[in-house]
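**Student:** okay, sequence plus prediction incoming.
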Amino acid sequence: MSEVSQLYPLIVESIHDGVFTVDESFRITSFNAAAEKIIGIKREEAIGKNCHEVFRTNICQKKCALRQTIETGKPAGDVRINALNAQMETVPLEISTAVLKDNDGKLLGGVEIFRDLSQEELLRSELSDRHMFEDMVGRSKAMEEIFALLPNIADADIPVLVRGPSGTGKELVASAIHNLSRRSNKPFIRVNCGALPDTLLESELFGYERGAFTGAMTPKPGRFAQADGGTLFLDEIGDISPAFQIKLLRALEEGEIQPLGSTKTIQVNVRLVCATNRNLEKLVDEGVFREDLYYRIRVVPIDIPALKDRKEDIPFLIEHFTRRISAKLGRKAKPFSPKTLRCLYDYDYPGNIRELRNILERAFVLCKNASVQPHSLPLEVRLACAGDHTTADEALPSTASHEKQIPTHHRSYESASKSELRTVLDDVGWNREKAAKRLQISRTTLWRRMKDEHLA
């Protein structure tokens, strides 16, 4: 056996697609690790069985692709089917088949390679959700207005300025504009202007020739050139210096760039979308941002509100991210308890949607129960869950429930046990100010006690 032949089993075991082989009687002769994971059946259980006993697909009885391949000798590719896994759950698959022959051309059986499309189908289903537009989620009036504007803005092919706090999804808006525009089949190029000093930003945007500076051994096209015909997204545009603003304005007005170290200019045709979390009007008044550049990039402004100002979107964002995170981690999504949902609703999210996603990922990883409980949330989120929850319950009608009221406690810090301390904290939604008042102690003392009892 050649060295290459000896590597075949290792290669088959290392790939992410499921692979199995059958003999002429359609009995499974090999079954790789990915096949075990996707179908949920161990190799030892699968080998020797007829393939339709293991896969139970919608084409097994009448239009089996593997049978047709073995009978005709013609391979099949990209056939989409549904199979039942060991848990009797439907798994969408994409399969390819081929015949197996020995060195003399004698038929040995067939091979089928299959790919799990569950995540792809999940994302497709998310995109069809009536509360989604492109990859953005929301039912608030502000988001619905943005959804309604985007197709017209995308079609107009004019500069757009997306404004909003960090973490609100400004890049998603820029991406949606590109995807809906006539430039969608051309590049979408993103540059974070706030992450680079002037010298690096200039070479990044305009490119450079060989020898333009120390270390420039080969020429490199800039992001303007890379985005030619497509869309250039300049994130954190408010962070560029006044000196570089002049160079950027010249490039935009003349539609051409000059790479560093070059004496020639290059014509470029790009759709410009900029984003900022800063108040550019104020920067213009202060003389920090050029007024002519401001009006050049702000032909159409789009304002994305902070998440705390569109809380009706939170339930939909939770559902959206939960499905994505569970698909990414290959785990089943767990429900959130009503109290957990109220905490998530009451929190103000200074980091906006990005912070919400991080919180959900953390909760998903830490949760060991059948449902996600408040203790899987960061302390600052638990402490936000206090007071009247009527608004949160109305926003979450499918998950809200009437919980047993815990009587008011008048125990002091000295006499309260850990369990009683937790009960008081749960009763007030982990609001330290209210818990301290109920326990008749200071917030500092309460915090120290929470640290001592590993409740913080």
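**Tutor:** Looks like it arrived, so ask away.
**Student:** only C-alpha atoms for contact and neighbour calcs from this point on.
**Tutor:** Noted.
**Student:** contacts only, for Leu232.
**Tutor:** Neighbouring residues of Leu232 by CA atoms under 8 Å, 6 or more residues apart in numbering: Phe188, Ile189, Arg190, Val191, Arg223, Phe224, Val270, Arg271, Leu272, Val273.
**Student:** next SSE downstream of the helix or strand bottoming out on mean pLDDT in the chain?
**Tutor:** For the chain, counting by mean pLDDT, DSSP states H and E, helix 390-395 ranks last in confidence among helices and strands (a mean of 36). For helix 390-395, the succeeding helix or strand toward the C-terminus, using DSSP states H and E, is helix 418-427.
**Student:** helices or strands next to that following helix in the packing?
**Tutor:** helix 432-439 (3 or more CA pairs under 8 Å, 6 or more residues apart in numbering; DSSP states H and E).
**Student:** ok and the helix it packs on relative to helix 418-427, angle-wise?
**Tutor:** Angle, helix 432-439 to helix 418-427, by axes from the mean of the first three to the mean of the last three CA atoms, to 10 degrees: 130 degrees.
**Student:** and helix 432-439, average pLDDT?
**Tutor:** Helix 432-439 shows a mean pLDDT of 78.
**Student:** and for Val288, the neighbour number?
**Tutor:** 17 (other CA atoms under 10 Å).
**Student:** so it touches Pro242, yeah?
**Tutor:** Yes - contact criterion CA atoms under 8 Å: Val288 and Pro242 qualify, at 6.5 Å.
**Student:** ranges for the helices of the stretch 251-400 of the chain?
**Tutor:** 280-285, 291-297, 314-329, 338-346, 352-366, 379-384, 390-395 (DSSP state H, counting those that start in this stretch).
**Student:** of those, which is nearest Arg432?
**Tutor:** helix 379-384 (6.6 Å; CA to CA).
**Student:** just to revisit the earlier point, what's the closest of the contacts of Leu232 to Glu112?
**Tutor:** For these, the nearest to Glu112 is Phe188 (36.8 Å; CA to CA).
**Student:** hang on, the closest one packs against His178?
**Tutor:** Yes - the criterion here is CA under 8 Å, and Phe188 meets it with His178 at 6.9 Å.
**Student:** list phi and psi for Asn58.
**Tutor:** When read as degrees, to the nearest 10, the backbone of Asn58 gives phi -80, psi 0.
**Student:** before we move on, what about Ile81?
**Tutor:** Backbone phi and psi, for Ile81 under degrees, to the nearest 10, turn out to be phi -140, psi 170.
**Student:** if it is in a bridge, with which residues?
**Tutor:** Beta-bridge partners for Ile81, by DSSP bridges, are Leu93.
**Student:** quick one: which of the contacts of Leu232 sit in strands?
**Tutor:** Per DSSP state E, strands hold the following members of the contacts of Leu232: Phe188, Ile189, Arg190, Val191, Arg271, Leu272, Val273.
**Student:** in those, which residue is surrounded by the most others?
**Tutor:** Val273 (28 neighbours).
**Student:** that one: what's it in contact with?
**Tutor:** Val273 neighbours (CA under 8 Å, 6+ apart): Pro159, Val160, Leu161, Val162, Ala174, Thr231, Leu232, Phe233, Leu234, Ile297.
**Student:** so the fifth one is in contact with Phe233, correct?
**Tutor:** I take that to be Ala174. Yes - with contact defined as CA under 8 Å, Ala174 reaches Phe233; the gap is 6.8 Å.
**Student:** tell me the residues that contact both of those two, please.
**Tutor:** With CA under 8 Å, 6+ apart as the test, Ala174 and Phe233 both reach Val273, Cys274.
**Student:** got the phi and psi for Val19?
**Tutor:** Residue torsions, per degrees, to the nearest 10, at Val19 are phi -140, psi 130.
**Student:** okay, now it: neighbour count?
**Tutor:** Val19 - counted by other CA under 10 Å - has 23 other residues nearby.
**Student:** secondary structure class for the closest residue to it other than its chain neighbours?
**Tutor:** Closest residue to Val19 apart from its sequence neighbours, by CA to CA, 6 or more residues apart in numbering: Ile113 at 4.6 Å. When classified by DSSP: H, G, I helix; E, B strand; the rest coil, Ile113 comes out as strand.
**Student:** who are the contact partners of Ile113?
**Tutor:** Contacts of Ile113 (CA under 8 Å, 6+ apart): Asp17, Gly18, Val19, Phe20, Ile95, Ser96, Thr97.
**Student:** going by distance to Leu341, which of those residues wins?
**Tutor:** Nearest to Leu341 among these, with distances taken as CA to CA, is Asp17, at 37.0 Å.
**Student:** now that closest one: closest residue in space that isn't a chain neighbour?
**Tutor:** Arg115 (5.1 Å).
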